[in-house]
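>>> Whatever this is, show me its structure:
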Amino acid sequence: MNGAKIFSKIDLSQAYNQIELDNSKNLTVINTHRGLFTYNRLVYGLSSSPGIFQRIMSNLFHDIEKVEVFLDDLIIGSSNEREHLQILETVLSRLHKNGMKLRKDKCLFMVDEVKYLGYIISKDGIKVDPDKVAAIVKIPRPKDVSDLRSFLGLVNFYAKFIKNLSTTLAPLYGLLKKGVTWDWDRSCEDSFKKIKKVLTSAEVLLHYDQNKPLILTCDASARGIGGVLTQPCAGAAGSERPVVYVSRALSDAEKHYSQIDREALAIVFCLKKLHQYLYGRRFTLRTDHKPLVSIFGPKHGIPLMAASRLQRWAITVSAYSYDIEYVSSKQNCADGLSRLPVSVQSTKKECLDLPEQTYLHFAQSEMLLDYNEIKKQTQRDPILGRIILYLREDWPIDNVVKSLQPYFNRKKELYEELGCIMWGHRVVIPENCRGRVLNELHECHMGIVKTKAVARSYVWWPGIDEAIETMCRACVVCAAEADAPQRHTPSPWPWPAKPWSRIHIDFLGPIFNKIYLVIIDARTKWLEVFYVPSTAASHTIVKLSEVFARWGLPKQLVSDNGPPFISKEFSQFLTNNGIQHVFTAPYHPASNGAAENAVRTVKKVIKKAVRENKDINLFLNTFLLHYQNTEHCTTGESPASLMLGRRLRTKLDVLRPDIENKIIKTQINQKENAPTGERGLQPGEDVWLRRYQGSDKWTAGQVTQRLGVTDYKVLDTIGKESHKHIDQLKRRIRSSLICPRSSNSQPNSSSESLSCTGAEEINAPRINPAVKDTGRKSKAPEGTEIIDKSDCLDTARETSTLRAPSAHTSPVPPATPPQVFRPVRKCRLDNPPSYKE
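Residues are numbered from 1 along each chain as shown. A predicted model of the protein is given here:
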């Protein structure tokens, strides 16, 4: 527009609706009382509509110089008339070719200046539109302290954008001091004008930016209404700068409005005044009147009980896309504008509806049912027609028609009034009108009791209570929002016969970014809790496999219908392990009450651990240890007692040392009173060891290693080492006596165990048939037998043969090994030897 002297402004009529939709129309389905419909043209109110329309218009005129397009507004600027006419002809031809329609009353052609996007554009450049700041420029001079406070409150909202504000406002603040007489002098007037000029300058005002959010703040007072359109300010977090100020004084009739009506009027006025900024964009609407948040809230709908004026304004406001929020009066930047409004004469036109305003329209399918319709239908009704005849003439003595019996029972209470039958203060409704009456009674979808109460105040007909009950119970809307029926009496699960027969499982979480698998046994109430990375079936199977490895496979597993439990992988896992999977009813956690109670308990434990800043896993393990030891309210026993048959040891058991001392003392007493004392053997000692094969019960051996208090390793006569208890061993004592072999001893036995009557315990010889003939010529004395000590385990190192001395031989020299003789006696082989040294 630089250097332009002649300007034209073109505005399209219902611009969005001139764009036809193609396949995207399927995305614009709306639901009406007559069915589903799709838009054939671009829709107002869609968040993407402005962007789509702007792209179309930009592509349409991008190649024409000196033409700027913003949505449906086009501006043309040129330096001379000839050039301007050529551009204008090109633009209009292109609009005509594409079927675009213009709005004649809003188009300007070949003028010196135009108002475009809130600014005045002329050959002198761009300046602020006076209408944007008229509410500030025309603010009347404050007449008292109250007016001055309102004005200063408005100024302080934008104090951070005004330099030397305190110095400029010093004369005005002087009038607020206590005890100062109100005197509006020249300094006050200069300060007032100067600050108004600052508020309408670029120092405070912000250029409208279509990419920034919009905030509309509205307010009303007893004298006027006002609003400020603001946008966030870059570089100052949370700060907003004004784009447009609007205000006006209230008319005499509007001053008598209630406060809620005045606040609603302020919102409607600001929306209409700033329609070009707000329509088709989503914005934030602020008000300091909290009831309007519900009445005008787009998520709440229009309340049926609101006054007619508010309902009408709510329909107007519903054409805009906004989020409404409440702000306190101290944070309302429009408060000063409403208290110092512009005179109503200058803005009388703004109260009228704008031609382009879009409204929502509601269709009423039937006319309101009134007494004239009741009167007409009463005369046509065959039963009520006879009742009117009876009321005008006389009732019969006896009634023989069953359908007339309810009326006959009330014949003394029925009367006619203006062609309608009345029962007390209630109108008797003819049959053709009863359906419409029921619909009106149930319009607010109240319950059966309240609907009956309303009906009893106005209407009656035979069976009205049953009709109301049927209608309310059949109402789809009421059924969709009705409370759940009374809960069924809890039905307990069958009591399992054995522990770990039926387990209940469920997931807990996410809680503190973790998920836990909770398992509880139905019989013992034994509880297991595991952390799992996710609720996937694979992770669940891994944890269940660990539990089954410790406690075995249950017969039944109860779970809800969660995705991991209904998966094919989980079902196959249970089938392969022979476990029956029992599902509870969907969306009914109480059916899996054991698991739900366990989840609730564990959840509380985890929250307590976090509250005490403790490690969740350690805290949870400590809880499980004490839980298993605690008596359960259902079973009366602790889970550990029912599961393991014993209590688990905890730190609390340390508090009872007398039990341990008592057990130790008892053990000592048992040892002292035992029939046999303690015996100990050392490695290398000769022993008799117990045999459990063959005829001999004992055989010789030697201790090689001590394994414990009572256990030893023993080497027998054939070189075999075995593990023996102390009760299976006896000391073996060496002796010089020779015990003659029993005649019935078995020469093939590996060793002999002899018991001789009256003889001393001696070393038992090892009889080897293969070496009976030693080759020695010496013989033992009669009645004795020579024993080769090389066959004895305790003297295996000595290999010399011993001979018995006789009367014809000399004594054995000291250098030769001594001979051992034993008298030949009859030995008993059925009992072990029992000798004393």
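>>> List of residues touching stretch 446-456?
Stretch 446-456 has contacts (CB atoms under 8 Å, 6 or more residues apart in numbering) with 426, 441-442, 464-465, 468-469, 472-473, 478. For glycine as for every other residue, the C-beta is placed from the backbone atoms N, C-alpha and C.
>>> Low-confidence ranges, the stretch 351-500 of the chain, go.
By pLDDT under 70, the weakly predicted segments of the stretch 351-500 of the chain are 351-369, 400, 484-491.
>>> what lines up beside the host helix or strand of Val114 in the sheet?
Per DSSP states H and E: Val114 is located in strand 113-116. Here strand 113-116 has these sheet partners by DSSP bridges: strand 119-122 (antiparallel).
>>> could I have the partner strand exported to PDB, CA atoms only?
What follows is strand 119-122, C-alpha atoms only, in PDB (Å, rounded to 0.1, in the frame of the first residue of the first chain):
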ATOM      1  CA  TYR A 119      -6.900   0.700  11.200                       C
ATOM      2  CA  ILE A 120      -7.500   3.700   9.000                       C
ATOM      3  CA  ILE A 121      -5.400   3.500   5.800                       C
ATOM      4  CA  SER A 122      -5.000   6.600   3.700                       C
END
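>>> centre of the chain versus it, how much separation?
56 Å (CA atoms, centre = their mean, to the nearest Å).
>>> Now do the end-to-end distance for stretch 702-712.
The straight-line separation of the ends of stretch 702-712 (CA to CA, to the nearest Å) is 10 Å.
>>> mind listing what's buried in that stretch?
Going by neighbour count (16 or more other CB atoms under 10 Å), the buried part of stretch 702-712 is 702-703, 710, 712.
>>> Could you identify the most distant pair in those residues?
Pairwise distances across the buried residues of stretch 702-712 peak at 18.0 Å for Gln702 and Thr710 (criterion: CB to CB).
>>> can I see the domain layout of the chain?
Here the domain parsing of the chain from automatic domain parsing is 6-128, 131-351, 371-481, 502-644, 686-731.
>>> Mean pLDDT lowest where, among these?
Least confident of the domains of the chain, judged by mean pLDDT, is domain 131-351 with a mean of 75.
>>> before we move on, the earlier item: which one of the buried residues of stretch 702-712 is nearest to Phe530?
Taking those together and measuring to Phe530 by CB to CB, the closest member is Thr710, at 43.2 Å.
>>> Surely that closest one touches His725?
Yes: using CB atoms under 8 Å, Thr710 is in contact with His725, at 5.7 Å.
>>> For the helix of greatest length in the chain, report the contacting residues that lie outside it.
Assignment by DSSP state H gives helix 593-611 as the longest helix of the chain. Helix 593-611 is contacted by residues 490, 493, 504-508, 511-512, 516, 518, 520, 522, 525, 527, 529, 558-559, 589-590, 615-616, 619-620, 623 when judged by CB under 8 Å, 6+ apart.
>>> In strands, which of those fall?
Of these, the ones assigned to strands by DSSP state E are 504-508, 511, 516, 518, 520, 527, 529, 558-559.
>>> to the chain's geometric centre, what's the distance from the helix or strand containing Arg473?
Assigned by DSSP H and E, Arg473 belongs to helix 464-474. Centroid displacement of helix 464-474 relative to its chain, using CA atoms, centre = their mean, is 39 Å.
>>> same question, stretch 460-467
Offset of stretch 460-467 from its chain centre (CA atoms, centre = their mean): 47 Å.
>>> Give me the residues contacting that stretch.
406-407, 423, 426-429, 431, 434, 438, 452, 455.
>>> Of those residues, which is the nearest to Met57?
Distances from Met57 to those, taken by CB to CB, are shortest for Leu438, at 53.4 Å.
>>> Settle this for me: that closest one is touching Met471, isn't it.
Yes: counting by CB under 8 Å, Leu438 sits close enough to Met471 to count as a contact (5.2 Å).
>>> Which one of those two is surrounded by more residues?
Comparing Leu438 with Met471 by other CB atoms under 10 Å, the one with more neighbours is Leu438, at 20 against 17.
>>> show me what contacts the more buried one?
By CB under 8 Å, 6+ apart, Leu438 lies in contact with 467-468, 471.
>>> List the residues that contact Met471.
Per CB under 8 Å, 6+ apart, neighbours of Met471: 438, 442.
>>> Report the separation between it and Ala453.
From Met471 across to Ala453, the span is 15 Å (CB to CB, to the nearest Å).
>>> try Ile606
In terms of CB to CB, Ile606 sits 50 Å off from Ala453.
>>> same check, this time on Glu685
Noted for Glu685: a distance of 107 Å to Ala453, by CB to CB.
>>> If you count surrounding residues, which of the two has more?
Each of Glu685 and Ala453 has its neighbours counted (other CB under 10 Å); Glu685 has more, 17 against 11.
>>> from the contacts of Leu438, which is closest to Gly77?
Among these, Met471 lies closest to Gly77 (CB to CB), at 67.2 Å.
>>> Can you convert the domains of the chain into JSON lines and add a column each for distance to Asn673?
Below are these laid out as JSON lines (distance: least, CB to CB, whole Å):
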{"stretch": "domain 6-128", "distance to Asn673": "95"}
{"stretch": "domain 131-351", "distance to Asn673": "88"}
{"stretch": "domain 371-481", "distance to Asn673": "82"}
{"stretch": "domain 502-644", "distance to Asn673": "33"}
{"stretch": "domain 686-731", "distance to Asn673": "17"}
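>>> out of the ones you listed, nearest to Ile663?
Checking those against Ile663 by CB to CB gives domain 686-731 as the closest, at 17.9 Å.
>>> end-to-end on the closest one?
Per CA to CA, domain 686-731 runs 6 Å from first to last residue.
>>> cool, stretch 272-285 as well?
Length of stretch 272-285, first residue to last, CA to CA: 13 Å.
>>> Which stretches in the stretch 251-400 of the chain count as strands?
Ranges of strands in the stretch 251-400 of the chain, per DSSP state E, counting those that start in this stretch, are 282-287, 321-326.
>>> Can you point out the buried residues in the last one?
So that's strand 321-326. Of the residues in strand 321-326, 321-322, 324 count as buried by neighbour count, 16+ other CB under 10 Å.
>>> quick revisit: can I get the strands of the stretch 251-400 of the chain in TSV including distance to Leu74?
Converted to TSV, those look like this (distance: least, CB to CB, whole Å):
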stretch	distance to Leu74
strand 282-287	24
strand 321-326	25
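>>> If we only consider the contacts of Leu438, which is nearest to Ile295?
Nearest to Ile295 among those, counting by CB to CB, is Met471 at 29.3 Å.
>>> secondary structure element for the residue lying closest to Arg691 once chain neighbours are set aside?
Of all residues not flanking Arg691 in the chain, Thr699 sits nearest, at 5.2 Å (CB to CB, 6 or more residues apart in numbering). For Thr699, the element it lies in under DSSP H and E is strand 698-706.
>>> Which neighbouring elements make contact with that strand?
For strand 698-706, the packing partners by 3 or more CB pairs under 8 Å, 6 or more residues apart in numbering; DSSP states H and E come out as strand 686-690, strand 711-716, strand 729-731.
>>> mind checking which of those is nearest Lys194?
Closest to Lys194 of the helices and strands packed on strand 698-706 is strand 711-716 (CB to CB; 110.8 Å).
>>> what angle sits between the closest one and strand 686-690?
Here strand 711-716 runs at an angle of 100 degrees relative to strand 686-690 (axes from the mean of the first three to the mean of the last three CA atoms, to 10 degrees).
>>> tell me how far strand 711-716 is from the chain's mean position?
With CA atoms, centre = their mean, you get 69 Å for strand 711-716.
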